[in-house]
Every structure is written in structure tokens, then in C-alpha cells.
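In: this is a predicted model, with the sequence first.
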Amino acid sequence: MKFSELLIENQRRGFVIFLFFTCALVVWHSRYSGADYRNANATSTRAGIFHPTPEEQLNWRVNLNTATEAELVQLPRIGPALAQRILDYREEIGGFETVDELLEVKGIGPATYEKISGYCYVLNSLNKTENKEE
């Protein structure tokens, strides 16, 4: 084999090794950086919970009378147990009339209310049954 052929073969091997490590680095970075490629500005956790960016938070709000547990747990300081208590309270009272009624839910004090009240609104309160005498 001539020297020039050996040089070209070594360059090919070097290029293949370079490509391998580049691909490995990209895979490692995408897996462990916490990046969310659906929205380059958003952040996500390893559990896959979406956290809106500050701009999106201004537009992201939850109707307390139609919210699901999955929507409620996206609120700050609200976990699955507290979300279920909110849903139970909503069913018990027949729907929220104001956001302030969240303070009646066990586990929501003034500090938690302050954190979540900006993300909540009440629309179309559920029909409360009234006893009408005919």
C-alpha cells in the first residue's frame, strides 16, 4: 500500500470516529439536558410535566368549574391530593362562584392561594340545585 492510500484510509477512520462521538454527544445532551424540543423556550422535567414559559403563564389559566385533576396539578403548589380535594369541594358545593372560594378547600391557605389565584378563573358556575316550592 502506498503512503497516500494509508493517509486516506486513516482520514476515513478518523472521520467515522468523529461522527460516532458527535452523535453520542447529541443523544446524551438531548436526554440529560432537560430540553423540550416541542417548544424551545419551555422547560420540562424528567417526568414530562410541561412548565409554561413566563409569557405563556400570562395566557394560561384554569376554569375552576371545568378543570380536571391533570390541569390542577399544573398549578404551583398543587399536587394530586390537593387537586382531588379541589374537585371534591367543587362537587360538594355544586361549583365555584368565585376564585376566593379556594380558601375553603382544606390545604389551601393564604400563601398557596396567593400563588395560584392568578392562574384561576370561574366561568359558567355549575347549576346549583335549589329547592323550589310549587
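Out: Thanks, I have it. Please read these numbers as outputs of a predicted model, since none were measured by experiment.
In: and Glu71, how many residues sit next to it?
Out: Counted with other C-beta atoms under 10 Å, the neighbours of Glu71 add up to 16. C-beta: built from backbone N, CA, C; applies to glycine.
In: that one: which element?
Out: Element membership for Glu71 (DSSP states H and E) is helix 69-72.
In: can you list contacts of that helix?
Out: 62, 78, 80, 82-84, 86-87 (C-beta atoms under 8 Å, 6 or more residues apart in numbering).
In: generate a ChimeraX selection restricted to the buried subset of those residues.
Out: To isolate the buried members of the contacts of helix 69-72 in ChimeraX, using 16 or more other C-beta atoms under 10 Å:
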select :62,78,82,83,86,87
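In: just the ones of the contacts of helix 69-72 in helices?
Out: Using DSSP state H, the subset of these located in helices is 80, 82-84, 86-87.
In: phi and psi next, for Ala111.
Out: Backbone torsions for Ala111, taken as degrees, to the nearest 10, come to phi -70, psi -50.
In: for it, give me its contacts.
Out: So Ala111 contacts nothing (C-beta under 8 Å, 6+ apart).
In: pLDDT-wise, which helix or strand of the chain ranks last?
Out: strand 43-44 (a mean of 47; mean pLDDT, DSSP states H and E).
In: quick revisit: only the buried residues of the helix holding Glu71, if you could.
Out: 71-72.
In: just the CA atoms from it would do, formatted as CSV, please.
Out: Output of helix 69-72 as CSV, limited to C-alpha atoms (Å, rounded to 0.1, in the frame of the first residue of the first chain):
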residue,chain,number,x,y,z
GLU,A,69,-57.0,16.9,38.1
ALA,A,70,-54.3,16.9,35.4
GLU,A,71,-54.9,20.6,34.8
LEU,A,72,-55.0,21.5,38.5
